[in-house]
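A.B. asks: sequence first, predicted model second:
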Amino acid sequence: MDDPFFDSLKTGYAEFPQWFSAKSNEDLYVVDDGKRLSGMLYLKREAGPITDIQPNLPDRVWLKVGTLKIIGKGTKLGERVLKKVFDTAISSDADGIYVTVFEVHSKLIKLFKKYGFVEFATKTTANGIEKVLVRDMNKFTGNLITDYPFIHTNEKSSWLLAVYPEYHSRLLPDSILNNEPKEIIQDVSHTNTIHKVYVGKLSLTRMSPGDAVILYRTSDGLAPARYRSVATSVCVVEEVRKKKDFVNVEDYIAYCKPHSVFSERELREQFLTWPRLYVAKMTYNAAFNRRTTRGSLMDDAGISEQPRWDFRELTHTQFRTILELGQVNARLIVN
């Protein structure tokens, strides 16, 4: 409690020291780089109705974002923490999420609203009046950002897309494999953001916004690919661009750098030396709870050995089977 990180929380909430002590045996999610705290998140599953706000929230299951503070240092830690909120809401089968926040925290309010939260009520305490932002997890707009992390499959295609091992877990931190060192995950934008950029020479123009993508980590060569190559995650396409869609190399770098594993130097070299260059921007919707090997994808999901697995379309049945094999929560799929 003596860490400067807590100063603003103690200033904003007079009861915070007592509250913090009372939560000593409960789960608090903390972002700690070994030198200082840069984030804290407290989540609580509540059975409604919620009556300490006006108007009340109805009698449903709610996930309360009890305490949230992020020091992002210019990275996307806010999005990273928000992904944790959504993951917890899905796993706890919550009907909705709510968070109370003072109006002064405009950037935080803007972030929540971007992902479908709306101003629903106010909460008045001795500390002042807070806005109550609510996300109904059973209503959908059809917009892939405000509906995140849900995946709409009606009239959409699905794809298998390969990622080399050296880039996979830096880009997709929730999908790290059990035998990979956690030190490779750093507090940088491409790790923390909900949005991911895939850069390659393969033509990705068959993909359309809203399409689902199964990301497939290729073999590390330590054993046959049948056992070492695995499907790990599911994403949704936001947009696909070709090299000619960028005004120049600086436009390309500005677009890719916040969400890509590649350095500015690597991005610049790609643009200047690759005649064919394609970029897919995607939302990172869910990590598989069970990594699914190439062998299982062939035997159980019916994916043939040819054509190559670098980029190929999946049937609706194959896509659904892969998600089942990966033990992805079925609630995420909206028909």
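C.D. replies: Okay, I see it. Numbers count the residues shown, from 1 in each chain.

A.B. asks: against residue 333, how distant is residue 324?
C.D. replies: Applying C-beta to C-beta, to the nearest Å, the value for residue 324 to residue 333 is 10 Å. Where C-beta positions appear, they are placed from N, C-alpha and C, glycine not excepted.

A.B. asks: pick out whichever of the two has more residues nearby.
C.D. replies: residue 333 (18 against 14; other C-beta atoms under 10 Å).

A.B. asks: list the contacts for residue 160?
C.D. replies: Counting by C-beta atoms under 8 Å, 6 or more residues apart in numbering, residue 160 touches 213, 214, 216, 231, 303, 309, 311, 312, 313, 314.

A.B. asks: could you rerun that using 10 Å?
C.D. replies: 213-216, 231, 297, 301, 303, 309-314, 318-319, 322 (C-beta atoms under 10 Å, 6 or more residues apart in numbering).

A.B. asks: buried subset of these, written for PyMOL?
C.D. replies: For the buried members of those, the matching PyMOL selection, counting by 16 or more other C-beta atoms under 10 Å, is:
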select buried, resi 213+214+215+216+231+297+301+303+309+311+312+314+318+319+322
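
A.B. asks: just the contacts of residue 160: which are in strands?
C.D. replies: Of the contacts of residue 160, the ones assigned to strands by DSSP state E are 213, 214, 215, 216, 231, 311, 312, 313, 314.

A.B. asks: bridging residues for the last one?
C.D. replies: Using DSSP bridges, the bridge partners assigned to residue 314 are residue 158.

A.B. asks: swap in the fourth one?
C.D. replies: Listed by DSSP bridges, the beta-bridge partners for residue 216 are residue 162, residue 231.

A.B. asks: wait, doesn't it sit right on residue 228?
C.D. replies: No - counting by C-beta atoms under 10 Å, residue 216 does not reach residue 228; the two are 11.6 Å apart.

A.B. asks: overlap of the contact sets of the two?
C.D. replies: By C-beta under 10 Å, 6+ apart, residue 216 and residue 228 have these common neighbours: residue 294.

A.B. asks: got the buried residues for stretch 134-153?
C.D. replies: 134, 135, 137, 144, 146, 147, 148, 149, 150, 151, 152, 153.

A.B. asks: keeping just the C-alphas, turn the strand or helix carrying the first one into CSV.
C.D. replies: The one in question is residue 134. Assigned by DSSP states H and E, residue 134 falls within strand 128-136. C-alpha atoms of strand 128-136 as CSV (Å, rounded to 0.1, in the frame of the first residue of the first chain):
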residue,chain,number,x,y,z
GLY,A,128,-18.6,11.8,-5.5
ILE,A,129,-20.7,10.8,-8.5
GLU,A,130,-19.4,8.1,-10.8
LYS,A,131,-20.7,7.0,-14.2
VAL,A,132,-21.8,3.4,-14.5
LEU,A,133,-20.9,1.8,-17.8
VAL,A,134,-22.6,-1.4,-18.8
ARG,A,135,-22.0,-4.1,-21.4
ASP,A,136,-24.9,-6.5,-22.1
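
A.B. asks: what stretches of the stretch 101-250 of the chain score poorly on pLDDT?
C.D. replies: 166-192, 219-224, 227 (pLDDT under 70).

A.B. asks: how about a cut-off of 90?
C.D. replies: Residue ranges of the stretch 101-250 of the chain with pLDDT under 90: 102, 104-108, 125-127, 163-194, 217-230, 232-233.

A.B. asks: what about the helices in it?
C.D. replies: Applying DSSP state H, counting those that start in this stretch to the stretch 101-250 of the chain gives helices spanning 106-114, 165-171, 189-192, 225-228, 249-256.

A.B. asks: for the fourth one, which helices and strands make contact with it?
C.D. replies: Helix 225-228 is packed against strand 278-293, helix 294-299, with contacts defined by 3 or more C-beta pairs under 10 Å, 6 or more residues apart in numbering; DSSP states H and E.

A.B. asks: for the last one, same thing?
C.D. replies: Using 3+ C-beta pairs under 10 Å, 6+ apart as the contact criterion, the secondary-structure elements in contact with helix 249-256 are strand 195-200, strand 230-242, helix 264-273, strand 278-293.

A.B. asks: the ones you listed: which one's closest to residue 128?
C.D. replies: When those are compared by C-beta to C-beta, strand 195-200 sits nearest residue 128, at 33.4 Å.

A.B. asks: which strands border the closest one, and is each parallel or antiparallel?
C.D. replies: strand 278-293 (antiparallel).

A.B. asks: all set now, cheers.
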